[in-house]
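> any chance you can model this:
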Amino acid sequence: MTSPFECKVSIDQSILDSVLSTSSPSLIGSIDQGTSSSRFLLVTSSGRILSTAQVEFEQCFPQTSPYNNNNNTSSCAGWHEHDPFNIYDSVSICIAKTSEELLKYGLDITSDLGSHADLTKVSIIKAVGITNQRETTVAWNDRTGRVYYNAIVWDDTRTASVAETIMSENTNSGDECDAKDALRSKTGLPIASYFAGTKIRWLIDNIPKLQQDLTSSSERSHVRFGTIDTWLLYMLTGYKRSIAESEVNQRLAHEGGVFKTDVSNASRWLFMNLETVEWDESLVDAVCGGSVCWKDSADTTTIPIDTALPKIAPSSSTLGVIHGVECCSGNKMALKNIPVASILGDQQAALFGQACFAPGEAKCTYGTGLFLMMNTGEQLIPSTQGLLTTVAYQLSNQSSPVYALEGSVAFSGSTIGWLRDRLELINSASETEALATSITSNENMYLVPAFSGLFAPHWRPDARGCMVGLTASHTKAHIVRAALESSAYQAREVFDAMVLDSSVQLKEMRVDGGATANRFLMQFQSDILNVPVVRPEYLETTGLGAAFAAGIEVGVWEDMNEVGKMWKKNCMWTPSMETQERARCWKGWSKAVKKSLNWIGDDDEE
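Predicted coordinates:
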């Protein structure tokens with residue numbers, strides 16, 4: 001296959017030498033599919049990362065759309081989409097390039113194209129795990145292979161009005177707080193644009209072909225909805241369609257793929273009952289039953305959950321077998337006949353990769369957004385502080401899932417991207433630490449990155465970004481420092497809510513993600529939380545989490561205790577800020593957040 005993507009492959013030579021000198025090495029593959037890039041890791045039985053491959057893919061931000069039915073404006077500001085085939089291709093390229101690069105060093109993990117099995121070559125890879133950007137949603141027809149629309153990304157704001165509609169359909173009180181939490185008792189989630197269910201509602205409200213198929217007796221059972229984990233599993237385990245079927249002016253999904261998801265991803269739809277860990281038809285009706293799709297249909301009132309929604313499986317289980325990924329040169333296939341043995345949403349995978357296996361242990365991931373998650377064990381804790389009650393993971397030998405509390409923040413690393421790409425204040429994120437430390441304080445200037453509203457713990461879609469406290473003496477350095485500090489402040493908001501919900505005083509915060517390389521941010525985070533911040537040896541915790549879960553399933557590791565012993569600390573930051581200064585900073589941030597609220601109302605255009 002040829003590739004339009006640039007793929008960066010990194011191989012640890014010392015680990016490779018060890019693998020090559022081992023008579024029967026065991027490797028686990030991990031697909032880490034994120035918002036802006038896809039990665040593929042190979043992990044050894046000692047928990048070391050042999051190789052990583054990464055591909056960035058195109059982000060789609062439509063300016064106009066024939067499907068924009070907002071009566072107030074024709075603008076598509078806040079829309080964010082992905083081409084689902086770009087996502088699959090980026091993953092495939094990572095796998096293929098890894099195979100090709102390792103072959104140059106004498107490690108062959110491929111099979112001949114068309115061979116039924118070549119176990120002498122591929123058996124060193126025991127399984128593959130998948131971790132993915134959550135909530136991002138795609139719909140397709142498994143009979144025709146046609147994808148109905150681009151994948152709608154988790155941070156897309158078009159579904160804010162959809163969430164409001166669903167709230168109005170599910171409450172008679174008129175109280176906004178009651179309406180927002182109308183489904184929380186079953187789902188652990190507020191009704192918000194963030195979750196997959198609101199994206200599915202938008203699709204069935206706005207895409208004519210999808211409406212047609214859902215109300216057709218012959219096509220209804222062929223409609224498929226999935227988050228990115230389901231899409232990748234379906235494509236990796238399916239087969240390319242025949243040339244005759246592909247002779248259309250659009251690319252087609254594979255056929256015959258496995259249609260499953262795991263409990264961690266399913267808990268992010270608004271459709272799953274947290275106690276039964278199954279799709280709940282009453283929830284599907286609550287979210288989608290009011291759609292215009294059904295207004296002229298006498299026989300159907302909502303989507304068919306038995307066929308349109310993926311089967312929910314434990315996070316660590318044998319989910320399917322990969323058909324094989326064609327390599328970029330020669331008649332070779334990578335990962336042919338290798339089982340997919342785990343699926344975890346990205347933040348749950350990071351929790352697993354950080355070895356937060358005991359109730360009360362927590363991690364914070366600094367990525368495009370910011371995600372703080374705490375393991376609550378088998379106890380399902382309803383949040384009263386604006387957090388999400390969600391499934392952390394479930395292994396195949398566990399009768400019930402492990403639950404978690406989570407706070408999700410929309411803008412963290414993407415705030416720095418905004419400084420670079422939109423304001424052009426910096427050329428790269430690596431410049432921010434030096435700029436932030438070139439001044440001694442924020443001089444009472446704050447940046448609230450509510451570019452698409454505020455997520456946890458506020459859940460205020462009416463909020464918008466603002467910089468407050470500006471004076472003529474402020475410089476580029478102050479803006480950059482305020483942007484970095486905003487991540488730490490938002491983490492503190494979630495941290496405090498987590499303590500109140502759980503009645504557990506967190507003793508440390510394990511951190512991961514690209515921003516943990518910024519020493520100023522990590523020290524400020526420790527200062528504003530007033531607890532130690534701990535960074536692990538490997539920052540690829542999402543990919544490692546998926547690998548560990550898959551490896552436990554196929555016996556590479558015996559259990560979580562063995563995995564936990566492989567976790568190693570790299571660096572720790574401890575609080576050094578005076579109590580009075582911490583209180584001053586926090587008071588300023590809280591005041592700034594209030595200034596960001598009530599910017600978008602019924603009469604405002606976006």
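> what's the first helix or strand after the helix or strand that contains I15?
Element membership of I15, judged by DSSP states H and E, is helix 13-20. Downstream of helix 13-20, the first helix or strand assigned by DSSP H and E is strand 27-33.
> which elements pack onto that following strand?
Using 3 or more CB pairs under 8 Å, 6 or more residues apart in numbering; DSSP states H and E, the elements in contact with strand 27-33 are strand 37-44, helix 84-104, strand 125-132, helix 228-237, helix 541-554. No exception for glycine: its C-beta is placed from N, CA and C like everyone else's.
> end-to-end on stretch 364-384?
20 Å (CA to CA, to the nearest Å).
> er, stretch 438-458 actually
32 Å.
> stretch 424-436 too?
Span of stretch 424-436 from end to end, CA to CA: 16 Å.
> mean confidence for it?
The pLDDT scores in stretch 424-436 average 94.
> can you give me the buried ones in it?
Of all the residues in stretch 424-436, those buried under the rule 16 or more other CB atoms under 10 Å are L425, I426, A429, T432, E433, L435, A436.
> which helices and strands sit right next to the helix or strand containing the fourth one?
Assignment of secondary structure by DSSP H and E places T432 within helix 432-437. With contacts defined as 3+ CB pairs under 8 Å, 6+ apart, helix 432-437 has these neighbours: helix 476-502, helix 519-529.
> give me the nearest residue to the residue nearest the centre of the chain, chain neighbours excluded.
Centroid check for the chain by CA atoms, centre = their mean gives Q133 as the closest residue, at 2.4 Å. Spatially, and ignoring its direct neighbours in sequence, Q133 is nearest to T35 (4.9 Å; CB to CB, 6 or more residues apart in numbering).
> surely that neighbour is in contact with A410?
No: using CB atoms under 8 Å as the test, T35 is too far from A410 to be in contact (11.0 Å).
> now for those two: what residues contact both?
Shared contacts of T35 and A410 (CB atoms under 8 Å, 6 or more residues apart in numbering): D155.
> the residue nearest to the centre of the chain contacts A349, doesn't it?
No: with contact defined as CB under 8 Å, Q133 does not count as touching A349 (11.0 Å).
> how many other residues sit next to K595?
Residues within reach of K595, counting by other CB atoms under 10 Å, total 16.
> cool, S18 as well?
S18: 15 neighbours (other CB under 10 Å).
> tell me the helices and strands packed up against the helix or strand hosting F352.
Taking DSSP H and E as the criterion, the element that holds F352 is helix 346-353. With contacts defined as 3+ CB pairs under 8 Å, 6+ apart, the packing partners of helix 346-353 are strand 125-132, strand 362-366, strand 370-377, strand 388-393, strand 402-409, helix 541-554.
> helices or strands next to the fifth one in the packing?
Judged by 3+ CB pairs under 8 Å, 6+ apart, strand 402-409 is in contact with helix 346-353, strand 370-377, strand 388-393, helix 476-502.
> hey, which of the ones you listed is tucked in deepest?
Among the helices and strands packed on strand 402-409, the stretch with the highest mean neighbour count (mean count of other CB atoms under 10 Å) is helix 346-353, at a mean of 31.
> was I right about H478 contacting N442?
Yes: H478 is within contact range of N442, at 6.2 Å (criterion: CB under 8 Å).
> and the gap between P66 and Y149?
11 Å (CB to CB, to the nearest Å).
> tell me which of the two has more neighbours.
Taking neighbours as other CB under 10 Å, P66 and Y149 compare with Y149 leading, 19 against 7.
> please name the nearest non-neighbouring residue to the more buried one.
Counting by CB to CB, 6+ apart, the residue nearest Y149 is I207, at 5.3 Å.
> show me the contacts for that neighbour.
Y67, A139, Y148, Y149.
> of those residues, closest to T198?
A139 (13.6 Å; CB to CB).
> which one is that closest one nearest to, not counting chain neighbours?
Y148 (4.5 Å).
> report the contact partners of the one you found.
A139, W140, N141, L203, I207, K209, L210.
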